[in-house]
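Trainee: Here is my input; please provide its structure:
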Amino acid sequence: MAKKTQKKSVAFFERNSWYHRTKVMDENGTVKYGKKGGFSSQEEAEESYHKYEKEFNTQLRKQQLSCKENREIMFKDYLIYWFEEVFSKRIETTTRMVAAYAVYDLILPNIDFDIKMRFVSVEYLDGLLERVSKVCVSAGNKSREILNIAMKEAVIEGYISVNPVPETKTYRRKKPNIVILSKERIRVLLQAASKDNWYLEILLGLFCGLRKGEIYGLKFSDFDTEHHTVKISRQIVANPVIREGSKIEEYSLRERDPKTPNSFRTLRVPDVIMDELEKRRSLVDMYKEKMQEDFCDNGYISCQSNGKVHSLSAMNIALRKLCVRNSLPPVSVHGLRHMFATILVEQGVSLAKISGLLGHSSVNTTFEYYCDVMDEKERIIAFMNDTFTL
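Mentor: Below you'll find the model as predicted:
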């Protein structure tokens, strides 16, 4: 006797298995209808149906955007199409993760009413961004940035004639909370760090202004011991696998190029870092001898006892504990980078030079982060001498 399904189910039972209806779109836009069976349960059939339905809707959207009159395209349809089929094809996974959150979790849910692309105005977008900006401090700025890219490319593709985003209200980026330690507190931090496993990494952040991912990505071969320089040519970043929308299904780490083209750089290194580098080399050699074939040798200067890279949160956790134990204000890895830049600003080093040392994409980025620092009356005594002593 055949099993009965619920009335609202997309699955049905016949010929001793579960089935569901299918819709498939040909390249010429023709929709073919059919059914697919062989499922052992109603749940399996329903899961398959939703996969087919999602693929059909994606193909339908692509067909509509390529074949319909450009002026009839809906705003939401364009944003999804642009993000999935255009923008996502040319960006890194981590950038996609942030952009996906802006599109799927900030922008789309805050569209009160969908309209055709040709009716998207400054007023419409101002209302949208106002709602988005209430989600979190950075929401307005990041969403406006994403919308500007999308609408700029909509002009190029002929969907609209003018990009309205530049005329919308601007939203400032959240300013970094820069913790600047006095010379005495810097000495306390370094004295404590010198007895810690993260001493070399802390020195690289404070004396070279490196990003956390750049520190993790450094290899012994990047250092020139004769000229006391280090070459920044890679970073370690998160590699989340996003299957649908902004949901992360898998999470791992991987190597990639530095953040911007200007982030490829060679920096001079203080003696104290070169000394600590040799100590780290001896420690890693000890790991290799102990682990033998179980040691994962990628040449990293910062690694676990098995040779694998640390988790992205490990250094911040260690640094925070170090500060707490020594009654210091909490400083993050990026805080060390900000401290490096701020001290250079207060020493009168040009923004162009600081921008190059930090690997910023432009001097404007450096100015945005540190313009407030330039107005501070309190100056911090220079501590980055040719030689460093505790």
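Trainee: can you give me the helices for the chain?
Mentor: 42-67, 75-81, 93-100, 122-133, 139-157, 183-193, 199-208, 212-217, 271-291, 314-325, 333-346, 351-358, 363-370 (DSSP state H).
Trainee: Need the contact partners of the fourth one.
Mentor: Contacting residues not belonging to helix 122-133 are listed as 106-107, 110-112, 115, 139-140, 143-144, 147, 164-165, 167-169, 171 [C-beta atoms under 8 Å, 6 or more residues apart in numbering]. Using the backbone N, CA and C atoms, a C-beta is placed for each residue, glycine as well.
Trainee: mind redoing it with 7 Å?
Mentor: Helix 122-133 is contacted by residues 106-107, 110-111, 115, 139-140, 143-144, 147, 164-165, 167-169, 171 when judged by C-beta atoms under 7 Å, 6 or more residues apart in numbering.
Trainee: could you check the angle helix 139-157 makes with that helix?
Mentor: With axes from the mean of the first three to the mean of the last three C-alpha atoms, to 10 degrees applied, the angle from helix 122-133 to helix 139-157 works out at 140 degrees.
Trainee: Could you pull out the buried residues of helix 122-133?
Mentor: Across helix 122-133, burial judged by 16 or more other C-beta atoms under 10 Å covers 124-125, 128-129, 131-133.
Trainee: Could you report the neighbour count for Arg144?
Mentor: When neighbours are defined as other C-beta atoms under 10 Å, Arg144 has 23 of them.
Trainee: Surely it and Arg172 touch.
Mentor: No - contact criterion C-beta atoms under 7 Å: Arg144 and Arg172 do not qualify, at 10.7 Å.
Trainee: which sections of the chain are below the confidence cut-off?
Mentor: For the chain, the stretches flagged by pLDDT under 70 are 1-8, 28-29, 61-71, 92-95, 174-178, 241-250, 346, 367-390.
Trainee: Please convert the buried residues of helix 122-133 to CSV, extending it with distance to Leu181.
Mentor: Shown next, in CSV, are the buried residues of helix 122-133 (distance: C-beta to C-beta, whole Å):
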residue, distance to Leu181
Tyr124, 47
Leu125, 42
Leu128, 42
Leu129, 37
Arg131, 40
Val132, 36
Ser133, 33
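Trainee: nearest to Gly307, of the residues you listed?
Mentor: Val132 (43.7 Å; C-beta to C-beta).
Trainee: Could you report the distance from the closest residue to Thr229 other than its chain neighbours to Gly127?
Mentor: Excluding the flanking residues, the one nearest Thr229 by C-beta to C-beta, 6 or more residues apart in numbering is Thr266, at 5.3 Å. Shown here: Thr266 relative to Gly127, a distance of 49 Å by C-beta to C-beta, to the nearest Å.
Trainee: And Phe83, by the same measure?
Mentor: Phe83 is 21 Å from Gly127, by C-beta to C-beta.
Trainee: Just to check, Asp114 is in contact with Lys76?
Mentor: Yes - using C-beta under 7 Å, Asp114 is in contact with Lys76, at 4.9 Å.
Trainee: Which of those two has more residues huddled nearby?
Mentor: Each of Asp114 and Lys76 has its neighbours counted (other C-beta under 10 Å); Lys76 has more, 15 against 11.
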